[in-house]
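Participant: Below: sequence and its predicted model.
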Amino acid sequence: MRYIDRIADEMVAQRLRSAGAVLIEGPRACGKTSTARQHAASAVYLQNDDAARQALEIDPALILAGDTPRLIDEWQLDATRVWNGVRAVVDDRGVPGQFLLTGSAVPDDDARRHTGVGRYARIAMRPMSLAESGESSGEVSLGNLMDGGAVTPGRSGLTVPDLARLVVRGGWPLHLGMDERDAARASSDYLTSVATDDLGRLDSARRDPARAERLLHGLARNTAMELVVDRLTREVDGPDGALARTTVYDYLVDLRRLLVLEEQPAWTPHLRSRARLRSRPRVHLADPSLAAAALRADAGRLLADLNTFGLLFESMVVRDLRVYSDVMDARVAHYRDSDNLEIDAVVQRRDGVFGAFEVKLGAGQVDAAAAALLRFAAKIDADRTGTPVVLAVITGSEYAYTRPDGVAVVPLGMLGP
């Protein structure tokens, strides 16, 4: 299979020049190993190599020896030995670019593991954005918008039915060549594997696959909404009874560790008004295709249920914004206050520069979204937080332009890094 360049490639190359080891974390099948291979000179694959795991138990140095950068794939299978072994080698050699570690689960904290400060750099990797998979032209650069650049008028090649199919297919590299039906089956199998296998391997406590699948369905129903655990516990009720809140919390912790659940945090600026900020994160699965699979929704069903489609479209936009933001060291949050003003995405760079984005599937919703963005900008205490460098509505419609009020309209089919 031909390798398709990823936005993370640039970040991996940068970190190899500045850190002794680079840790790439992301959900299973998002392409971490394939990307790491492009930068590695040698590799060991712990998941598929019994001899390597045995050697690791005897002496970590046995598997760490090799041409550099050396890839240690699925390092979390013996996290403490690998982590401490790599740290020791990095300290001994004293030069950057020694190791690449890839993992599809975040290990529990272990007091025996050194923190890794000064030795490790971490990179989050996600399923492919539309710019990476070639569906978005990338003509409107998020980086340019965050630098205060203008939107060049243009037209997207994606229609609303196209976007529905892309939600169902998802950004998994192995799905790119599949038709919609096969991709939907693969996403459904992914969820089954999470519920029946991954959760059990991750936690010694017994995990019930039927309850896990109901929880994943509940999370899918709450895609792009605020995380309310009480609501989830009600939705996970089944013939075997309700789940306790503490059990739901335990499942959520494990799904975060598997990187299947990636919440969108609330943004907390200084305000001019007396409105109180809400702090709940929004719910997103790693890819909108997983939510579509949990809901058993194909493109036709999404087009017949525009409310659900709008939420899954928003999740796809957030996925792409996260991919494009990572390369500029920015984070994607959301905003909601006690006046019920909500902004779907706030992108903020490490230097404090931020922009605000509303997500609307149809062109008919742009006026209301632009009004919300302008109200948001008026509420921000510019002296303490600054002013947004861009206000934009990301849509499923065709045309990119800037409105007379200064709000940009950007089709997702034109957005890129």
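Facilitator: Structure received. Owing to the predicted nature of the structure, the values given are computational and were not obtained by experimental measurement.

Participant: count of residues packed around residue 149?
Facilitator: Residue 149: 15 surrounding residues under other Cβ atoms under 10 Å. C-beta: built from backbone N, CA, C; applies to glycine.

Participant: Next one: residue 376, what pLDDT does it get?
Facilitator: The model reports residue 376 with a pLDDT of 98.

Participant: What is the burial count for it?
Facilitator: Applying other Cβ under 10 Å, I find that residue 376 has 21 neighbouring residues.

Participant: Mind telling me what element it is part of?
Facilitator: Assigned by DSSP states H and E, residue 376 falls within helix 366-379.

Participant: And the contacts of the next helix or strand after that helix?
Facilitator: Moving toward the C-terminus from helix 366-379, the next helix or strand (DSSP H and E) is helix 382-385. Helix 382-385 has contacts (Cβ atoms under 8 Å, 6 or more residues apart in numbering) with 269, 270, 354.

Participant: Could you measure from the nearest residue to residue 106 once chain neighbours are set aside over to residue 201?
Facilitator: On the basis of Cβ to Cβ, 6 or more residues apart in numbering, the spatially nearest residue to residue 106 that is not a chain neighbour turns out to be residue 257, at 4.6 Å. In this view, residue 257 and residue 201 are 11 Å apart by Cβ to Cβ, to the nearest Å.

Participant: Settle it for me: which of those two has more neighbours?
Facilitator: Per other Cβ under 10 Å, whichever of residue 257 and residue 201 has more neighbours is residue 257, with 19 against 11.

Participant: pretty sure that one contacts residue 104?
Facilitator: No. Between residue 257 and residue 104 there is no contact under Cβ atoms under 8 Å: 9.9 Å.

Participant: Give me the buried entries from the contacts of helix 382-385.
Facilitator: For the contacts of helix 382-385, a neighbour count by 16 or more other Cβ atoms under 10 Å gives the buried set as 269, 354.

Participant: ranges for the strands of the stretch 251-400 of the chain?
Facilitator: Using DSSP state E, counting those that start in this stretch, the strands of the stretch 251-400 of the chain run over 330-336, 342-349, 354-360, 391-395, 399-402.

Participant: Include distance to residue 117 when you put those into CSV, please.
Facilitator: Below are the strands of the stretch 251-400 of the chain laid out as CSV (distance: least, Cβ to Cβ, whole Å):
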stretch, distance to residue 117
strand 330-336, 20
strand 342-349, 23
strand 354-360, 27
strand 391-395, 37
strand 399-402, 43
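
Participant: Point out the most buried one among these.
Facilitator: With neighbours taken as mean count of other Cβ atoms under 10 Å, the strands of the stretch 251-400 of the chain reach their highest mean count in strand 391-395, at a mean of 27.

Participant: Give me the residues contacting that one.
Facilitator: Against strand 391-395 from outside (Cβ under 8 Å, 6+ apart): 145, 151, 317, 345, 355-363, 365-366, 369-370, 373-374, 376-377, 406-412, 415.

Participant: swap the cut-off to 7 Å and go again
Facilitator: Contact with strand 391-395 is made by 145, 317, 355-361, 363, 366, 369-370, 373, 377, 406-412, 415, as judged by Cβ atoms under 7 Å, 6 or more residues apart in numbering.

Participant: ok and it relative to strand 354-360, angle-wise?
Facilitator: 30 degrees (axes from the mean of the first three to the mean of the last three Cα atoms, to 10 degrees).

Participant: ok and strand 391-395 relative to helix 366-379, angle-wise?
Facilitator: 150 degrees.

Participant: Can I get strand 391-395 in CSV? Just the C-alpha atoms.
Facilitator: What follows is strand 391-395, C-alpha atoms only, in CSV (Å, rounded to 0.1, in the frame of the first residue of the first chain):
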residue,chain,number,x,y,z
LEU,A,391,-14.1,34.7,13.1
ALA,A,392,-15.3,32.0,10.7
VAL,A,393,-18.1,29.7,9.9
ILE,A,394,-17.0,26.3,8.6
THR,A,395,-19.7,24.9,6.4
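
Participant: List the neighbouring strands of it plus their orientation.
Facilitator: Strand 391-395 pairs in its sheet with strand 354-360 (parallel), strand 408-411 (parallel), by DSSP bridges.

Participant: Mind giving me the packing neighbours of the helix holding residue 376?
Facilitator: Under the contact definition 3 or more Cβ pairs under 7 Å, 6 or more residues apart in numbering; DSSP states H and E, helix 366-379 sits against strand 342-349, strand 354-360, strand 391-395.

Participant: thinking again about what came up before, buried subset of the contacts of strand 391-395, written for PyMOL?
Facilitator: Restricted to buried positions by 16+ other Cβ under 10 Å, the PyMOL selection for the contacts of strand 391-395 reads:
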select buried, resi 145+317+355+356+357+358+359+360+361+363+366+369+370+373+377+407+408+409+410+411+412+415
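
Participant: For residue 348, which residues are in contact?
Facilitator: Contacts of residue 348 by Cβ under 7 Å, 6+ apart are 330, 331, 333, 354.

Participant: at 6 Å what do you get?
Facilitator: Going by Cβ atoms under 6 Å, 6 or more residues apart in numbering, residue 348 touches 331, 354.
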